[in-house]
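**Q** No letters, just coordinates:
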């Protein structure tokens, strides 16, 4: 049972470099999310995709772009990485966003350091 | 003021103890309340969810919601070293705007 798979698990970037974090889910979920987790700040939503073909900003979207490639895959791109983007990034999925008892399923995370 | 407040811990207890983890919130519109468990270097996994006020029990875990006090709790009975993890509360409501808010998490260590 793969669930939500994220790649890579670790990444070190220099300021100004770009990269794409990949995420795929095999649970036939409609909705997918990108969160970042920082000490003392908890999980903060960057972007989400309620369904294939739609994306919306979350709480902290600046400096990021996303692509919902198909129902299974949702990527997060950092165009010009900054040290403030050093964080652990989690991809998640759910059956349908915005339902009252929505349950999120998370990947194992990507630890990103920007020097 | 954050919408959801959670004591970061760490909370250290001996094996077999009863653990109480808590969150407070400020928005009375929250309807569903979840607890996620996160092991070190892993993603959070859903542990329990409850709707509105009351208790829900699942094995050694009990989730409690007091909407009048805007306070939720997770109790762990007969705690085990394998329960050592960070516990995050989360809550959500549907009112046109998407809201799924997480607490910052409480780190729990159960000592053998």
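**A** Now that the structure is in, tell me what you want to look at. Keep in mind the model is a prediction, meaning the values are calculated, not measured. Residues are numbered from 1 along each chain as shown, chains lettered A, B, ... in the order given.
**Q** okay, CA-based contacts and neighbour counts for the rest of this
**A** Noted.
**Q** isn't residue A:75 right up against residue A:67?
**A** Yes - applying C-alpha atoms under 8 Å, one finds residue A:75 in contact with residue A:67, separated by 5.3 Å.
**Q** quick one: contacts for the most centrally placed residue in chain A?
**A** When chain A is reduced to its mean C-alpha position, the nearest residue by C-alpha atoms, centre = their mean turns out to be residue A:34, at 2.4 Å. Taking C-alpha atoms under 8 Å, 6 or more residues apart in numbering or on different chains as the criterion, residue A:34 is in contact with A:45, A:46, A:47, A:48, A:76, A:89, A:90, A:91, A:92.
**Q** So for it, what's the pLDDT?
**A** Model confidence at residue A:34, given as pLDDT, is 97.
**Q** What residues does chain A have near chain B?
**A** A:39-44, A:90, A:97-101, A:103-109 (C-alpha under 8 Å from any C-alpha of the partner chain).
**Q** still on that earlier bit, quickly find the element holding the residue nearest to the centre of chain A.
**A** strand A:31-38 (DSSP states H and E).
**Q** Just checking: what are the partner strands of the helix or strand just after that strand?
**A** Helices and strands here follow DSSP H and E; after strand A:31-38, the next one along the chain is strand A:42-49. Using DSSP bridges, the strands paired with strand A:42-49 in its sheet are strand A:31-38 (antiparallel), strand A:56-57 (antiparallel).
**Q** For the chain, give me the ranges with low pLDDT.
**A** Picked chain A for this. Within chain A, the stretches falling below the threshold (pLDDT under 70) are A:1, A:100.
**Q** if you could check chain B rather than the one you did, that'd help
**A** Counting by pLDDT under 70, chain B contains low-confidence ranges at B:94-98.
**Q** rerun that using 50 as the cut-off
**A** Scanning chain B with the threshold set as pLDDT under 50 gives no residue ranges.
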